[in-house]
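Engineer: how would this look folded up:
(3 chains)
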Amino acid sequence: MSWTFFHKLGSPKWFYEISGKLLPWVAAFSLLALVIGIVWGLVFAPEDYQQGNSFRIIYIHVPAAILAQSCYMMLAVAGVVGLVWRMKLADVALQCAAPIGAWMTLVALFTGSIWGKPTWGTYWEWDARLTSMLILLFLYFGIIALRMAISNRDTAAKATAVMAIVGVINIPIIKYSVDWWNTLHQPATFTITEKPAMPPEMWLPLLVMVLAFYGLFTLNLLMRMRLEVLRREHKTRWARAALESNT
Amino acid sequence: MSNLAEFFAMGGHGPYVWTAYGLTGAVLILLFLTPILGRRRLVQAEARRRRREET
Amino acid sequence: MRAVIWQLLQREWQLSWRRPGDVLNPLVFFAMVITLFPLAVGPEPQMLQRMASGVIWVAALLATLLSLDGLFRSDFEDGSLEQWVLSPHPLTLLVLVKVLHHWLMCGVLLVLLTPLLGMMLALPWSVIPVLCVTLLLGTAVLSLLGAIGAALTVGLKGGGSMLLALLILPLYIPVLILGTGTMDAALQGLPVQGYLLWMSCLAVLALSLSPLAIAAGLRIGVSE
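Structural biologist: Coordinates of the predicted model:
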C-alpha cells in the first residue's frame, strides 16, 4: 500500500536516489516554463490601459507572493510530519525550505514596492497585502533565527517545527486583523483599485510564471535537501560513494 | 530597431520593470548558487579527507 | 488537582516575592517607554491623544515581552522543569498556572498603572475604563502567546530575549490591532461591546491552544 512509500521516504538514501532521477526533469520543466512565461509576459501580453507597462511586474510579483505563502504552509506540514512521524527528512525539508520562502517574501515585497511607485506614486504603502507580506517575512526570520540559535540538531528540529505550526495557525488571524486594520485607517477618498477581471491574454502568462516559480522552488529545494542529506549522512558508505563520484 | 528601443523603454516605466526583473533574477541566481557551491565544497572536503586517510 | 494548582500558585507567589525586581522592572520600563514619546514628539495634547492608545499598547507589549524571557529559565536551571514534565499532572495545566501567575504579576499590574499614564497622554477619562478592559484581555493573550516563545527558547543561554521578541512579535500583531482598534472606536464615542467580544474570542482561543504549544516547547527543551 502507499504506506511503504511513506516509510521509504524516511530513508535519506532512498530520497537521494529518487531526487537524483527527478532533478533533470524538474529543471527542464522549470526553465522551459520560465522562459515561456517571461517572454510571453514581457513581450506578448498587452499592456494594462491604466498602469501601462509597469503592470508587467505582476508576472514576478504574484508568483513570488504565492510561493512565499505556500512555502510557509509547507513548513508547517513538514513540521507536523516531523513531530508526529519523527521523520528526519521532514526536518531537512523544513530547514532547507525556510530560506527559500524568506527570499521569495523579500522578492514579493521589493517588486511590490517597485510596482507601487508608478502605480500609487509611493514606494511603500501600508496596505493590507504589503503589510501582511512584511509580517510573513518576520515569521520566516523567526524560524530561521530559532534554528540558528539552537545547537542541538534534534532540539532545533522540534522547536522550529512547533514554531512553524504556531505560525501557520496565526497566519489567518494576522491576515484578518491586518485587513480590518486597513479598512479602519483608509481615508475615504483613496481606494486600492480592485483589479478588474483580467482577460486570458494577461492571466495565462501569469499562470505559466506561477508554474515556473513552483518548479524552480521544487528544484532549489531538492538541490538543497540533497546537499543537507549528504552533510548529515557524510559518515555512511553510500554518501561517501556519492560524493566521490559526484553524482 | 526602434521596436527594441521602445521595448526597453517600456513606455517610460522601463527603470521600474527592469529593476524588478533584474532583482528577481539576481535573487534566483543567489538561491541556486548556494547549493551548487555548497556541494562543491563538500566534495572537496570529502576528497581531502579520503587523501588523509589513505596515507 | 485543585491542591496542586493552589500549591503552584503559592510557590510562584513566594518566588516573585523574593525577586521583586522581576515584578517591578517591567512596570518601570512600561512607564519609561511611555514617557519617551512626549519627549520625542513634543507635548502637544492633541497629538498625544491621537497616539496615546497605540503608545500604551506598544509599551505594554514590550514590557510583557521583556518580563517573559525568564519565565521558565530558573525552573529549567534548578531542575524543577524536568519534575513538571515527569509529574502525573497534565503539563498543560501546570503551564497554565504559571502563565496565570505571570499575567497577575505583569499584565494586571500594568493595567493598574494605565489610568495614570493614560491621563498623562491626554486621554479623556471616559475612555480609560475601555482601555483598562482591553489591556486586561490583551495582556492575558500576550502572556499566553509569549510563554510559547519562552518555552521554545528556555534552554538557550545569552541572547534569549531578542530571539523571543523576534519569534513572538508577529504573533502579537492581531492583539495590538484589535486593542487599538477598540480604543479608536471608544475615542469616537462608538459602542465597543462588539470589539470587546472579539478580544474575548482571541483570549479564549489563546487560552485553549497556547498551553499545548507551551507544553510541547518545554518537553523539547527538557529532553535535550
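Engineer: Would you mind listing what in chain A touches chain B?
Structural biologist: Residues of chain A found near chain B (C-beta under 8 Å from any C-beta of the partner chain) are A:38, A:42-43, A:47, A:52-54, A:56-57, A:60-61, A:64, A:99-100, A:103, A:106-107, A:110-111, A:114-115, A:117-118, A:216, A:220, A:223-224, A:226-227, A:230-231, A:234, A:240, A:243-244, A:246. Placement of C-beta: from N, CA and C, glycine included.
Engineer: mind running it again at 7 Å?
Structural biologist: A:47, A:52-54, A:56-57, A:60, A:100, A:103, A:107, A:110-111, A:114-115, A:117-118, A:216, A:220, A:223-224, A:227, A:230-231, A:240, A:243-244, A:246 (C-beta under 7 Å from any C-beta of the partner chain).
Engineer: Could I have the buried ones of these as PyMOL selection syntax?
Structural biologist: Restricted to buried positions by 16 or more other C-beta atoms under 10 Å in any protein chain shown, the PyMOL selection for the residues of chain A next to chain B reads:
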select buried, chain A and resi 52+53+54+56+57+60+100+103+107+110+111+114+115+117+118+216+220+223+224+227+230+240+243
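Engineer: Go through the residues of chain A next to chain B and flag which are in helices.
Structural biologist: Counted as lying in helices by DSSP state H, out of the residues of chain A next to chain B, are A:60, A:100, A:103, A:107, A:110-111, A:114-115, A:117-118, A:216, A:220, A:223-224, A:227, A:230-231, A:240, A:243-244.
Engineer: can you give me the helices for chain A?
Structural biologist: A:2-8, A:12-39, A:58-85, A:88-120, A:128-149, A:153-185, A:200-232, A:237-245.
Engineer: Turn the ones you listed into JSON lines, columns for mean pLDDT.
Structural biologist: Shown next, in JSON lines, are the helices of chain A (pLDDT from 0 to 100):
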{"stretch": "helix A:2-8", "mean pLDDT": "67"}
{"stretch": "helix A:12-39", "mean pLDDT": "93"}
{"stretch": "helix A:58-85", "mean pLDDT": "95"}
{"stretch": "helix A:88-120", "mean pLDDT": "93"}
{"stretch": "helix A:128-149", "mean pLDDT": "93"}
{"stretch": "helix A:153-185", "mean pLDDT": "91"}
{"stretch": "helix A:200-232", "mean pLDDT": "93"}
{"stretch": "helix A:237-245", "mean pLDDT": "88"}
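Engineer: and whichever residue of chain A sits closest to chain C, how many neighbours?
Structural biologist: Using C-beta to the nearest C-beta, A:Ser177 is the residue of chain A that sits closest to chain C, at 3.9 Å. Neighbour count for A:Ser177, taken as other C-beta atoms under 10 Å in any protein chain shown: 23.
Engineer: Kindly provide the distance from it to C:Met183.
Structural biologist: 15 Å (C-beta to C-beta, to the nearest Å).
Engineer: and what of C:Gly42?
Structural biologist: Taken as C-beta to C-beta, the span from C:Gly42 to C:Met183 is 21 Å.
Engineer: Quick one: the helices in chain C, in order.
Structural biologist: C:2-18, C:20-41, C:45-68, C:73-77, C:80-86, C:91-102, C:108-120, C:128-152, C:160-187, C:193-222.
Engineer: Dump these into a markdown table; add mean pLDDT and distance to A:Ala93 as well.
Structural biologist: Formatted as a markdown table, those follow (pLDDT from 0 to 100; distance: least, C-beta to C-beta, whole Å):
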| stretch | mean pLDDT | distance to A:Ala93 |
| --- | --- | --- |
| helix C:2-18 | 90 | 39 |
| helix C:20-41 | 93 | 39 |
| helix C:45-68 | 94 | 30 |
| helix C:73-77 | 87 | 30 |
| helix C:80-86 | 90 | 28 |
| helix C:91-102 | 94 | 28 |
| helix C:108-120 | 95 | 41 |
| helix C:128-152 | 95 | 20 |
| helix C:160-187 | 93 | 21 |
| helix C:193-222 | 94 | 19 |
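Engineer: Buried deepest among those, which one?
Structural biologist: helix C:128-152 (a mean of 25; mean count of other C-beta atoms under 10 Å in any protein chain shown).
Engineer: How about the contacts made by C:Trp125?
Structural biologist: Counting by C-beta atoms under 7 Å, 6 or more residues apart in numbering or on different chains, C:Trp125 touches no other residue.
Engineer: Quick check: the gap between it and C:Leu131.
Structural biologist: With distances taken as C-beta to C-beta, C:Trp125 is found 10 Å from C:Leu131.
Engineer: How about A:Asp179?
Structural biologist: 24 Å.
Engineer: One more: B:Glu46?
Structural biologist: Distance from B:Glu46 to C:Leu131, by C-beta to C-beta: 63 Å.
Engineer: between the lengthiest helix in chain B and helix A:200-232, how big is the angle?
Structural biologist: For chain B, the helix that runs over the most residues, judged by DSSP H, is helix B:14-54. Between helix B:14-54 and helix A:200-232, the angle comes out at 20 degrees (axes from the mean of the first three to the mean of the last three C-alpha atoms, to 10 degrees).
Engineer: and helix B:14-54, what does it pack onto?
Structural biologist: Packing contacts for helix B:14-54, counted by 3 or more C-beta pairs under 7 Å, 6 or more residues apart in numbering or on different chains; DSSP states H and E, involve helix A:58-85, helix A:88-120, helix A:200-232, helix A:237-245.
Engineer: contacting residues around the residue in chain C that chain A sits nearest to?
Structural biologist: For chain C, the residue closest to chain A is C:Pro174, as judged by C-beta to the nearest C-beta, at 3.9 Å. By C-beta under 7 Å, 6+ apart, the residues touching C:Pro174 are A:173-174, A:177, C:202.
Engineer: any low-confidence regions in chain B?
Structural biologist: Where chain B drops to pLDDT under 70, the residues are B:1-2, B:10.
Engineer: count of neighbours near B:Leu37?
Structural biologist: 11.
Engineer: Okay, it and A:Ser19: tell me how far apart.
Structural biologist: For B:Leu37, the distance to A:Ser19 - C-beta to C-beta - is 19 Å.
Engineer: can you check A:Thr183 too?
Structural biologist: A:Thr183 is 45 Å from A:Ser19, by C-beta to C-beta.
Engineer: More neighbours: those two, which one.
Structural biologist: A count of neighbours by other C-beta under 10 Å puts A:Ser19 above the other of A:Thr183 and A:Ser19, at 17 against 9.
Engineer: Spatially, which residue comes closest to the more buried one, not counting chain neighbours?
Structural biologist: The shortest distance from A:Ser19 to any non-neighbouring residue, by C-beta to C-beta, 6 or more residues apart in numbering or on different chains, is to A:Leu222 (4.8 Å).
Engineer: who's in contact with the one you found?
Structural biologist: If you count contacts by C-beta under 7 Å, 6+ apart, then A:Leu222 has A:19, A:22-23, A:26 around it.
Engineer: Kindly recompute the last result at 10 Å.
Structural biologist: Counting by C-beta atoms under 10 Å, 6 or more residues apart in numbering or on different chains, A:Leu222 touches A:15-16, A:18-20, A:22-23, A:26-27, A:93, A:96, B:35.
Engineer: which of those sit farthest apart?
Structural biologist: A:Ala27 and A:Ala93 (18.8 Å; C-beta to C-beta).
Engineer: more crowded one of these two?
Structural biologist: A:Ala93 (24 against 16).
Engineer: and the residue of chain C positioned farthest from its centre, backbone torsions?
Structural biologist: Most distant from the centre of chain C: C:Glu44, at 29.7 Å, with distances by C-alpha atoms, centre = their mean. Main-chain torsions, C:Glu44, degrees, to the nearest 10: phi -60, psi 120.
Engineer: you'd agree it is up against C:Phe37?
Structural biologist: No: here C:Glu44 does not reach C:Phe37: they are 11.8 Å apart, not a contact under C-beta atoms under 10 Å.
Engineer: returning to that earlier point: looking at it, the residue of chain A closest to chain C is touching C:Met199, isn't it?
Structural biologist: No: in this structure, A:Ser177 is not within contact of C:Met199 by C-beta under 10 Å, at 11.1 Å.
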